[in-house]
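A.B. asks: what shape does this take:
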Amino acid sequence: MKTERIHLIAIGGSAMHNMALALHEKGHHVTGSDDEIREPSRSRLQRAGLLPAYDGWNPDVITSELDAVILGMHARADNPELLRAQELGLKVYSYPEYLYEQSKDKTRIVIGGSHGKTSITAMILHVLRKCGVDADFMVGAQLEGFDTMVRMTRDAKYMVLEGDEYLASPIDRRPKFHLYHPHIAVLSGIAWDHINVFPTYDMYVDQFRKFIQLIEPNGKLFYCRHDSDLNKLAGENYPQISAIGYGVPEHRIDNGITYLIRNEEQVSLKVFGDHNLMNLEAARLVCEQIGVAQHDFDHAIQSFKGAAKRLEPVRVEENFACYKDFAHSPSKLKATIGAVRKQFPNRKLIACMELHTFSSLTAEFLLQYAGSMNEADEALVYFNPHTIAHKKLPPITVEQVRNSFAREDIIVSNDSSAMVSLLQGKKWDNSVLLLMTSGNFDGVDFNDLAQSLQI
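C.D. replies: Residues are numbered from 1 along each chain as shown. Below is the predicted model:
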């Protein structure tokens, strides 16, 4: 294998620093730069000897000796290192473009959809590892038992890719999952997201139509048949592929534990909720497609605890449970709260979420949240005005947020410490606390918070 010289612009990002580690592990000479590198990226790059000597951009590090430059989404189109690479005529890859380049000779399995991508990808990787099937991968969360979120080898037959619909790079405005050309694809559902890029729902849906059209000839698409938009898309004419719907497998819940029902056998799970069960079914179909028998899948999936911040247990005791989840969009909120409600029907459910993403902090998109937290016994919403200002968005008010959720008793706050104090002042016997955010409520340690609650 030829050792290549590869430079990553914006190496400090969650995805980019994992790619740097994977390329380093593969034996390539890796350099990178960024204007700010935070933890855990900084420590992980430092341990591998890949941490840049200083923060900032330096076009002098871009030379004709480089075999490739990989451009992270955090960089801008006028980045001085990017401009130098273009001036020298170097090959500049986006992150997904380089992943495709490294998987051209492999069977590509791509997991797409507005929600559930990380969980399905994580389930597949967990089962393949348990069953001894070698696979390269890219997944959007750190998984238990895996050192990095990216793996690229010469010998693995399969490449499992989480297929994000967000843009590939500052100079490549295609959705990431349009670049992968899967042989086996999954679509878990469609719920309007990334309103800053896809300002209408039809425009957003069309990205998934294009994704289906880019599946390789004789490929397979597994799609969630409970999603009306996916049903319509799958029913359109795609003569080059087979489309197969999946749903919630037969199961039962007993004392807070979910069991799959397989003929005469029952398979206990560490995950729960209809969405997780549908994710599991999608993962089973993919694994079956590449030769993993159902019995082996069931045996392996029993030990799967979930991906980070996907209904991840923080503190679980006999009469109390606290979970954290990445849910932030209206559909994800509703599904996550519904899953916990179904799993613990006789407990008081208090749901606390943070408005954190670009979309969720816009006045137009806020209206989509109406009714999304109604299944919780108590609902709390937090947002930080400084986050809104940093994203250069028009300000929103507490009253505006309260009205958007269309729930009279909802508690809305823009003071993180006040929200924590409110939670700490409650009695938590026979209760569940669900913390939902793509951030961290401005520095709240969820473990410390959960341990501080009185039962």
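A.B. asks: centre of the chain to stretch 273-292, how far?
C.D. replies: Put simply, stretch 273-292 sits 17 Å off its chain's centre (CA atoms, centre = their mean, to the nearest Å).
A.B. asks: alpha carbons of that stretch, as CSV, please.
C.D. replies: Only the C-alpha atoms of stretch 273-292 are listed here, as CSV (Å, rounded to 0.1, in the frame of the first residue of the first chain):
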residue,chain,number,x,y,z
GLY,A,273,-39.2,2.1,22.1
ASP,A,274,-40.9,1.6,18.7
HIS,A,275,-38.3,3.7,16.9
ASN,A,276,-35.5,1.5,18.3
LEU,A,277,-37.4,-1.6,17.5
MET,A,278,-37.9,-0.4,13.9
ASN,A,279,-34.2,0.5,13.8
LEU,A,280,-33.4,-3.0,15.0
GLU,A,281,-35.5,-4.5,12.2
ALA,A,282,-33.7,-2.4,9.6
ALA,A,283,-30.4,-3.6,11.0
ARG,A,284,-31.5,-7.2,10.9
LEU,A,285,-32.5,-6.9,7.3
VAL,A,286,-29.1,-5.4,6.3
CYS,A,287,-27.2,-8.1,8.3
GLU,A,288,-29.3,-10.8,6.7
GLN,A,289,-28.5,-9.4,3.3
ILE,A,290,-24.8,-9.9,3.9
GLY,A,291,-25.2,-13.4,5.3
VAL,A,292,-25.9,-13.0,9.1
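A.B. asks: the helices in the stretch 51-200 of the chain, which residues?
C.D. replies: Ranges of helices in the stretch 51-200 of the chain, per DSSP state H, counting those that start in this stretch, are 80-87, 95-101, 117-130.
A.B. asks: now the first one: buried residues?
C.D. replies: Taking 16 or more other CB atoms under 10 Å as the basis for neighbour counts, the residues of helix 80-87 that come out buried are 80-82, 84-85. No exception for glycine: its C-beta is placed from N, CA and C like everyone else's.
A.B. asks: just list what that helix packs against, helices and strands only.
C.D. replies: strand 5-9, strand 68-71, strand 92-94 (3 or more CB pairs under 8 Å, 6 or more residues apart in numbering; DSSP states H and E).
A.B. asks: which parts of the first one are buried?
C.D. replies: In terms of neighbour count (16+ other CB under 10 Å), strand 5-9 has its buried residues at 6-9.
A.B. asks: which helices and strands sit right next to the longest helix belonging to the chain?
C.D. replies: Using DSSP state H, we find that the single longest helix of the chain is helix 274-289. If you count contacts as 3+ CB pairs under 8 Å, 6+ apart, helix 274-289 packs onto strand 107-112, helix 117-130, strand 184-187, strand 219-224, strand 241-246, strand 257-262, helix 294-301, helix 330-343.
A.B. asks: run through who's touching that helix.
C.D. replies: 109, 111, 115-116, 119-120, 123-124, 127-128, 131, 184, 186, 188, 220, 222, 224, 226, 244, 246-249, 251, 258, 260, 269, 271, 294, 297, 301, 306, 311, 335-336, 338-339, 342 (CB atoms under 8 Å, 6 or more residues apart in numbering).
A.B. asks: what does stretch 236-253 give?
C.D. replies: In contact with stretch 236-253 (CB under 8 Å, 6+ apart) are residues 209, 212-213, 215-226, 231, 234, 258-261, 266, 272, 274, 277-278, 280-282, 284-285, 342-343.
A.B. asks: state the mean pLDDT of that stretch.
C.D. replies: Average pLDDT, stretch 236-253: 95.
A.B. asks: quick check: end-to-end length of it?
C.D. replies: One end of stretch 236-253 to the other measures 37 Å (CA to CA, to the nearest Å).
A.B. asks: before we move on, what about stretch 259-266?
C.D. replies: Separation of the first and last residues of stretch 259-266 by CA to CA is 6 Å.
A.B. asks: pull out the buried residues from it.
C.D. replies: So stretch 259-266, judged by 16+ other CB under 10 Å, has buried residues L260.
A.B. asks: turn the helices and strands packed on helix 80-87 into a markdown table, columns for mean pLDDT and distance to R38.
C.D. replies: A markdown table is the format used below for the helices and strands packed on helix 80-87 (pLDDT from 0 to 100; distance: least, CB to CB, whole Å):
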| stretch | mean pLDDT | distance to R38 |
| --- | --- | --- |
| strand 5-9 | 98 | 16 |
| strand 68-71 | 97 | 19 |
| strand 92-94 | 97 | 22 |
